[in-house]
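K.L.:
coords please:
(chains A and B)
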Amino acid sequence: MSGTDDTELSGLLRAAIAGDERSYAAFLERIAIVVRNVIRPKIMHRGLDPEDIVQESLLAIHLKRHTWLPESPVLPWVYAIARHKLVDAIRRRGHRVQTGLEGIAEPFVEPDPAPLTGRDVERALDMLSPAQRAVIAAISVEGCSIAEAAKRLGKSETAIRVALHRGLSAISARFGRS
Amino acid sequence: MQTSDLIRAIAADARRPGMPLDRAWQLAVLAALFLAAAVFLATLGPRHDIAQALHTIRFPFKFVVTLTLALCTLPLIRSLSAPGAAIGNRFPLLLLAPGLLAVAIAAELLVVPPSQWMARTIGTNNLFCLTFIPLIGAAPLAAFLAALRYGAPTRPVVAGAVAGLLAGALSASFYAAHCTDDSPLFVAVWYTLGIAILGGLGALAAPRLLQW
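P.N.:
Presented below is the predicted three-dimensional model:
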């Protein structure tokens, strides 16, 4: 990863921490690619879905973004989080892990361009309260803004924000415990 | 759920950033100092001859050792609480306080006749020391574990143990003001054990507490 990349990403994250949603989305899109590229080759044989780890990492990055020092490079921080989530996932689903296969070469299959989907978030979503689930579904799947979600669900914007934040925290806390 | 959908939900939550980690550590250290001082003053208080004791060599040296340990542990625990922070080069700092103590022990062994070595090591208050260092350090340990929990430690057991070391060093700095056993031989055995108890507690609590 080149230095300019990190400078750009740091700039986006700084803007995101200041509250800019657009920069935040751009940052997360690029980080998702970075994490996917790091994770994928490591779990080809482990019976894990790389996209689950990507999503868990994105949530952890979000909920722990106050641990990034704004003057330090952002990629080492991202890699450390992704590695932690990968190790965590391997340990949690440890009984399914097959070791000793790392060295075996397998023809690399180009991942199909279908939408990248994870199952763990879905599973965690099922355990939220219906109200939190409705807010998260409206904003994520249906693409509502906070204001639109508030109007549609008949709640204040503050209530929507609180439900969204608590919902995301709950999803992150429930990974692997389903 | 598709990753792009999840990103949309996360980005919409942009306006709720937590307090910066360094701020959290400042608060934790302040809380730890306050709580340790409160427990110390409520239970023990400084020794009565503290004014004279300050003019000796051995009594002030106890603070040199415990405060050195505390100050060397602080940057380490800050690094351990954030992912990807450089840590390796900070571990040697932990050797500074034991090194100082080793020099003091050598000096003590030169100055004091061998017949007194045992008596000085065992001291007069050792079980008291083993009780009060963990007791005074318990609340600081809780404060430091809370700060770690707010952070994102990728090596939880090490981080928990270092939190215990820091709590122990802080607690020992208070306890030293009460304790009348000033020989480095006593400090090396009993203070170390008291601090190690807190380190062990921190490491034991870590896997459960510091999950994220």
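
K.L.:
Give the closest residue to residue 83 in space, chain neighbours not counted.
P.N.:
If you meant another chain, say so; for now it's chain A. Closest residue to A:Arg83 apart from its sequence neighbours, by C-beta to C-beta, 6 or more residues apart in numbering or on different chains: B:Thr154 at 7.3 Å. Where C-beta positions appear, they are placed from N, C-alpha and C, glycine not excepted.

K.L.:
that's the wrong chain, I meant chain B
P.N.:
B:Pro83 sits nearest to A:Ala80 (C-beta to C-beta, 6+ apart), 3.5 Å away.

K.L.:
how close does A:Ala124 sit to chain B?
P.N.:
9 Å (C-beta to the nearest C-beta, to the nearest Å).

K.L.:
so where does that residue fall, helix or strand?
P.N.:
helix A:120-125 (DSSP states H and E).

K.L.:
Can you tell me the SS state at the residue nearest to B:Pro83?
P.N.:
When classified by DSSP: H, G, I helix; E, B strand; the rest coil, A:Ala80 comes out as helix.

K.L.:
what about stretch A:24-32 and chain B, any contact?
P.N.:
Yes. Applying C-beta under 8 Å from any C-beta of the partner chain, one finds that stretch A:24-32 is in contact with chain B at A:Tyr24, A:Ala25, A:Leu28, A:Glu29, A:Ala32.

K.L.:
and that stretch, which residues are buried?
P.N.:
Judged by neighbour count (16 or more other C-beta atoms under 10 Å in any protein chain shown), stretch A:24-32 contains these buried residues: A:Tyr24, A:Ala25, A:Ala26, A:Phe27, A:Leu28, A:Ile31, A:Ala32.

K.L.:
circling back: show me what the helix holding A:Ala124 is in contact with.
P.N.:
A:49, A:52, A:55-56, A:59, A:133, A:136-137, A:170-171, A:174-176, A:178, B:1, B:6 (C-beta atoms under 8 Å, 6 or more residues apart in numbering or on different chains).

K.L.:
Toward the C-terminus from that helix, list the very next helix or strand.
P.N.:
Using DSSP H and E, the first helix or strand after helix A:120-125 is helix A:130-140.

K.L.:
Show residues contacting that following helix.
P.N.:
A:125-126, A:128, A:144-146, A:148-149, A:152-153, A:160, A:163-164, A:166-168, A:170-171, B:1, B:5-6, B:8-9, B:12.

K.L.:
Most neighbours among the contacts of helix A:120-125, which one?
P.N.:
A:Gln55 (32 neighbours; other C-beta atoms under 10 Å in any protein chain shown).

K.L.:
I figured it hits B:Met1, correct?
P.N.:
Yes. At 7.3 Å, A:Gln55 and B:Met1 qualify as touching, with contact defined as C-beta atoms under 8 Å.

K.L.:
Find residues that contact each of the two.
P.N.:
The contact lists of A:Gln55 and B:Met1 share A:Gly118, A:Val121, where a contact means C-beta under 8 Å, 6+ apart.

K.L.:
quick one: what helix or strand has the residue nearest the centre of chain B in it?
P.N.:
Chain B has B:Leu166 as the residue nearest its centroid, 1.8 Å off, counting by C-alpha atoms, centre = their mean. Element membership for B:Leu166, per DSSP H and E: helix B:156-178.

K.L.:
any idea of the mean pLDDT in that helix?
P.N.:
For helix B:156-178, mean pLDDT is 97.

K.L.:
Could you name the helices and strands sitting against the helix ranked longest in chain B?
P.N.:
Longest helix in chain B, counting residues (DSSP state H): helix B:126-150. On a contact count with 3 or more C-beta pairs under 8 Å, 6 or more residues apart in numbering or on different chains; DSSP states H and E, helix B:126-150 meets helix B:21-43, helix B:58-80, helix B:156-178, helix B:192-209.

K.L.:
The spatially most central residue of chain A: what's it in contact with?
P.N.:
Nearest residue to the geometric centre of chain A (C-alpha atoms, centre = their mean): A:Leu58, 2.3 Å. Neighbour list for A:Leu58: A:Leu28, A:Ile31, A:Ala32, A:Val35, B:Thr3, B:Leu6, B:Ile7, B:Ile10 [criterion: C-beta under 8 Å, 6+ apart].

K.L.:
cool, A:Arg22 as well?
P.N.:
B:Ala11.

K.L.:
What does the pLDDT read for it?
P.N.:
93.

K.L.:
secondary structure class for it?
P.N.:
A:Arg22 - assigned by three-state DSSP - is helix.

K.L.:
Please report how far it lies from A:Leu12.
P.N.:
The gap separating A:Arg22 from A:Leu12 is 9 Å, by C-beta to C-beta, to the nearest Å.

K.L.:
and what of B:Pro92?
P.N.:
For B:Pro92 relative to A:Leu12 (C-beta to C-beta), the value is 36 Å.

K.L.:
out of the two, which sits in the more crowded spot?
P.N.:
Between B:Pro92 and A:Leu12, counting by other C-beta under 10 Å, A:Leu12 is the more crowded of the two (22 against 9).

K.L.:
what's the closest non-adjacent residue to that one?
P.N.:
A:Phe27 (3.9 Å).

K.L.:
element containing that neighbour?
P.N.:
Judged by DSSP H and E, A:Phe27 forms part of helix A:21-39.
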